[in-house]
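> Below is the structure, and that's it, no one-letter string:
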């Protein structure tokens, strides 16, 4: 964080932005292969579209950007899922369009209903690419069914929209299978291993007294990039819920470890011999964890990684030891060897467990429906069908609007403008001299390569590349010949900008707030949700309790991701409160790893409260555990109150733990719930102390 938080003064903004772009565009492991796949897939889709004269070519090409997964097997499964979803979407679009045809009032009602369903699916479905495939067929056919053409042609083109999406899936699967040998390891664990290796190398260099300039530079780049790409990989992976929770916690802890190491590098230290020995121990523990991850083994808790006495020469060394210890603890929860597997395992759910209980999904659907609906009403009112690309743009923008910030919208608009300039420039200066599909392919590959390289950056810049490609494709890939009219290009780009503007107005202006404020609000919400989880189960109906716990887990995990995403947005907000916002950002991100570990530990304790077979407690012990959980919930609520109103109530967490230990001794229980309860009490007390000290600092 030090590498990015140093930028606080307005005069340093330009230099910081230049450094930011340089770091985002720098090569990383496997980036070249990823870009190659992302170029080959849309190029193949373009060639098939042009040769066989298939409608909706631009949307098929851009969709290949979203279908790719971390492995050929998961890509194939995702593609099959998407084909099924878009087939259902085509049936949905045909049914609604036929019923509403000829009645303007009924047509408007159908459009609003369809748009709400689309954006709800984007927010609530587990596979957001499949959700977008569902929406893509519908939005492509909105303007189609408003055209004055025969019903037969409308049905035919609706089916072509389905076919183009299926084509994008098939092409991407073929490219993934061809590149299977280029990806010998899991990308998620590979990215984590890269960060662990960088920290271990830096500590070893410092401990040995060797120059560490290269290691410091690598660490600074990783700190600048952050963990947003890790979150993106995890979101697109087919991991189960428990695996996502654990890998999310590991990613947050590893990101925090990198931040601490960068701060150690910036302080300028002269370690003592004792500190050098401790650094060697920490580096050795990190290397062991890294080796286990790469070998697809569950890392073991290695002794010697706990925090020791504070060092005057290296004040952050105990924090390094503590973080490494926490990483090991993530894998040491009960049943970790059963519930955690480094090989992906899908649970096969279509919707998130909190799809019907979390109001955020409905709010997101309402906002997306309003933005896209306004675009539809506007282009219909002014009778300007050329800007119907606005509705499609709203859909693609919705992929990145959960936790949106002004920075993201700026990148989207900037990417659309840049892509439009390149598209029109090519139309004026290049395409008049190209008389074959081969020449157009060279231009297409060149533009797609640039867009794909940007799109493979972290989410802080990747939107620019996606919008750049989208603007170019909608100008030059809608027809089967060179587009000679600049008016058509103008209309389509104007539609993209209209869609982006509506999303900005609705998401960032009407209901939006600064990223720092939203980040604080989400941290408070997560603490209150953890309190709810600690009180569960609240009913004796086991099935209902399990469903509610699953929904809470999904909502809490999404909250962690939103906080990290909003942390990226804070860096791009400038003003008189920037220094204070960056200070709170540092605190919130530093608390995230501990919160995740508390969350994982609480999830492991739930089975004792549920009384599942093999984990039933005697009545007295169960009552003591329930009392401990109630006091734990109060502690979470107290922390939320401190951040919200700077006041809190009393709780008796320590006394409840002592009572639990006493009853456990009476019953001579050897189960693992007591160590888990001790761990969660210790972590929560430490977190509470950090929250209180954070409020005391300016």
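That came through fine. Everything numeric here is computed off the predicted structure, so don't read it as measured data.

> Name the helix or strand of the chain that has the lowest mean pLDDT.
Here the helix or strand of the chain ranked lowest by mean pLDDT, DSSP states H and E is helix 336-339, holding a mean of 40.

> How far away from the center of its chain is the helix or strand that contains residue 66?
Secondary-structure assignment from DSSP states H and E places residue 66 in helix 57-67. Centroid separation for helix 57-67 versus its chain: 20 Å, with C-alpha atoms, centre = their mean, to the nearest Å.

> what pLDDT, on average, does that helix get?
Helix 57-67 carries an average pLDDT of 80.

> One more: stretch 557-577?
Rounded mean pLDDT across stretch 557-577 is 79.

> Can you report how many residues lie near residue 663?
Other residues near residue 663 come to 20 when the count uses other C-beta atoms under 10 Å. C-beta here means a position set from N, CA and C on the backbone, and glycine is covered the same way.

> My error: substitute residue 614 in the last question.
The burial count for residue 614: 7, using other C-beta under 10 Å.

> From residue 477, how far off is it?
Going from residue 614 to residue 477 by C-beta to C-beta, to the nearest Å gives 58 Å.

> And for residue 90, the neighbour number?
Neighbours of residue 90 (other C-beta under 10 Å): 23.

> Residue 445 too?
Counted with other C-beta under 10 Å, residue 445 comes out at 15.

> what does residue 491 give?
Counted with other C-beta under 10 Å, residue 491 comes out at 20.

> Which residue comes closest to it once chain neighbours are left out?
Using C-beta to C-beta, 6 or more residues apart in numbering and skipping residues adjacent in sequence, the residue nearest residue 491 is residue 386, 2.9 Å away.

> Was I right to think that neighbour contacts residue 489?
No. Applying C-beta atoms under 8 Å as the test, residue 386 and residue 489 come out as separate, 9.7 Å apart.

> Neighbour count: the two, which is higher?
residue 489 (22 against 16).

> just the strands in the stretch 51-200 of the chain please.
For the stretch 51-200 of the chain, strands defined by DSSP state E, counting those that start in this stretch do not occur.

> For residue 221, see how far away residue 20 is.
11 Å.

> hmm, back to that, in three-state terms, label the residue nearest to residue 491 for me.
Assigned with DSSP: H, G, I helix; E, B strand; the rest coil, residue 386 falls in the helix class.

> For it, give me the pLDDT.
Listed pLDDT for residue 386 reads 88.

> Equivalent analysis for the one 5 residues further on, please.
Among the per-residue scores, residue 391 shows a pLDDT of 91.

> packing partners for the helix holding residue 66?
Secondary-structure packing of helix 57-67 (3 or more C-beta pairs under 8 Å, 6 or more residues apart in numbering; DSSP states H and E): helix 31-52, helix 72-100, helix 128-144, helix 151-178, helix 462-476.

> Nearest spatial neighbour of residue 690, chain-adjacent residues omitted?
Closest to residue 690 by C-beta to C-beta, 6+ apart is residue 591, at 6.4 Å.

> The one you found: neighbouring residues, count only.
22.

> Can we start the residue count at 78 from this point?
Okay, residue one is now 78; in that scheme the one you just asked about reads as residue 668.

> Which of the helices or strands spans it?
Applying DSSP H and E as the criterion places residue 668 in helix 655-687.

> Run through the helices of the stretch 578-727 of the chain in chain order.
592-612, 619-647, 655-687, 696-722 (DSSP state H, counting those that start in this stretch).

> can you pull the contacts of the residue nearest to residue 568?
For residue 463, the contact set (C-beta atoms under 8 Å, 6 or more residues apart in numbering) comprises 564-565, 568-569, 571-572.

> wait, doesn't residue 397 sit right on residue 336?
No. At 10.6 Å, residue 397 and residue 336 do not qualify as touching, with contact defined as C-beta under 8 Å.

> what about residue 494, neighbour count?
For residue 494, the tally of surrounding residues (other C-beta under 10 Å) stands at 17.

> Now it: which helix or strand?
Secondary structure assignment for residue 494, by DSSP H and E: helix 483-506.

> Run the angle between whatever helix or strand comes next after that helix and helix 134-144 for me.
The first helix or strand that comes after helix 483-506 along the chain, using DSSP H and E, is helix 514-532. Counting by axes from the mean of the first three to the mean of the last three C-alpha atoms, to 10 degrees, helix 514-532 lies at 40 degrees to helix 134-144.

> quick check: mean pLDDT across helix 514-532?
Averaged over helix 514-532, pLDDT sits at 93.

> Ok, stretch 736-755 next?
Per-residue scores along stretch 736-755 average to 79.

> Distance check, residue 427 against residue 234.
Residue 427 is 28 Å from residue 234, by C-beta to C-beta.

> which of these two has more neighbours?
Ranked by neighbour count (other C-beta under 10 Å), residue 427 and residue 234 place residue 234 first, with 17 against 14.

> To residue 500, which of the helices of the stretch 578-727 of the chain lies closest?
helix 619-647 (28.7 Å; C-beta to C-beta).

> just checking, what packs against the closest one?
Under the contact criterion of 3+ C-beta pairs under 8 Å, 6+ apart, helix 619-647 touches helix 305-313, helix 318-344, helix 483-506, helix 592-612, helix 655-687.

> Just want the angle from the longest one to helix 318-344.
So that's helix 655-687. Going by the same axes, to 10 degrees, helix 655-687 makes 150 degrees with helix 318-344.

> Which elements pack onto helix 655-687?
Contact partners of helix 655-687 among helices and strands, from 3+ C-beta pairs under 8 Å, 6+ apart: helix 79-82, helix 318-344, helix 394-407, helix 592-612, helix 619-647, helix 696-722, helix 750-773.

> again, 7 Å this time
On a contact count with 3 or more C-beta pairs under 7 Å, 6 or more residues apart in numbering; DSSP states H and E, helix 655-687 meets helix 318-344, helix 394-407, helix 592-612, helix 619-647, helix 696-722, helix 750-773.

> ditto for the second one
Here helix 318-344 is seen to pack against helix 79-82, helix 264-285, helix 290-302, helix 305-313, helix 394-407, helix 619-647, helix 655-687 when contacts are counted using 3+ C-beta pairs under 7 Å, 6+ apart.

> let's go with 6 Å and repeat that
Under the contact definition 3 or more C-beta pairs under 6 Å, 6 or more residues apart in numbering; DSSP states H and E, helix 318-344 sits against helix 79-82, helix 264-285, helix 290-302, helix 394-407, helix 655-687.

> where does the fourth one sit relative to the chain's centre, distance-wise?
Going by C-alpha atoms, centre = their mean, the spacing between the C-alpha centre of helix 394-407 and its chain's C-alpha centre is 24 Å.

> and what of the third one?
Helix 290-302 has its average C-alpha position 23 Å from the chain's average C-alpha position, going by C-alpha atoms, centre = their mean.

> what's the answer for the second one, then?
Mean C-alpha position of helix 264-285 versus that of the full chain (C-alpha atoms, centre = their mean) differs by 23 Å.

> in it, what's buried?
Residues of helix 264-285 classed as buried by neighbour count (16 or more other C-beta atoms under 10 Å): 264-270, 272-284.

> next one: the longest one
Counting neighbours by 16+ other C-beta under 10 Å, one finds that the buried residues in helix 655-687 are 655, 658-686.

> and the closest residue to residue 654 other than its chain neighbours, how far is that from residue 684?
Distances taken as C-beta to C-beta, 6+ apart place residue 593 nearest to residue 654, at 7.4 Å, with adjacent residues excluded. Plainly put, residue 593 is 38 Å away from residue 684 if you go by C-beta to C-beta.

> circling back: quick one: which of the contacts of residue 463 has the most company?
Neighbour max across the contacts of residue 463 (other C-beta under 10 Å) = residue 569, 28 neighbours.
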